[in-house]
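J.: no letters, just coordinates:
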């Protein structure tokens, strides 16, 4: 499923970025390019990062 329509980033690309070491929302955005234009996908990205990195607290993800 496409998460970021501006940069055509899929949920699979986000999961791959997390698997490859992206430990924060900001790191996923830098790695995939998502969330850098209009920003409407940021909440969906945050949810995906939390799903793939449950050990991160909401504070860790929000602070990034």
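T.: Thanks, I have the structure now. Computed from a prediction, not measured in an experiment: that's the story for all the values here. Numbers count the residues shown, from 1 in each chain.
J.: packing partners for the longest helix anywhere in the chain?
T.: Ranked by residue count under DSSP state H, the longest helix found in the chain is helix 42-52. For helix 42-52, the packing partners by 3 or more CB pairs under 8 Å, 6 or more residues apart in numbering; DSSP states H and E come out as strand 2-4, helix 11-19, helix 25-32, helix 58-63. Glycine gets a C-beta too; all of them are placed from N, C-alpha and C.
J.: could I get these in JSON lines, plus columns for distance to residue 45?
T.: JSON lines is the format used below for the helices and strands packed on helix 42-52 (distance: least, CB to CB, whole Å):
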{"stretch": "strand 2-4", "distance to residue 45": "6"}
{"stretch": "helix 11-19", "distance to residue 45": "6"}
{"stretch": "helix 25-32", "distance to residue 45": "6"}
{"stretch": "helix 58-63", "distance to residue 45": "9"}
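J.: redo the ones you listed as CSV? Include mean pLDDT.
T.: CSV is the format used below for the helices and strands packed on helix 42-52 (pLDDT from 0 to 100):
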stretch, mean pLDDT
strand 2-4, 97
helix 11-19, 95
helix 25-32, 96
helix 58-63, 48
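J.: mind putting those in a markdown table, mean neighbour count and distance to residue 46 included?
T.: Conversion of the helices and strands packed on helix 42-52 to a markdown table gives the following (neighbours: other CB atoms under 10 Å; distance: least, CB to CB, whole Å):
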| stretch | mean neighbour count | distance to residue 46 |
| --- | --- | --- |
| strand 2-4 | 20 | 11 |
| helix 11-19 | 17 | 10 |
| helix 25-32 | 20 | 5 |
| helix 58-63 | 12 | 6 |
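J.: and the pLDDT at the residue nearest the centre of the chain?
T.: Closest to where the C-alpha atoms of the chain average out (CA atoms, centre = their mean) is residue 45, at 3.8 Å. Per-residue confidence at residue 45 stands at 96 (pLDDT).
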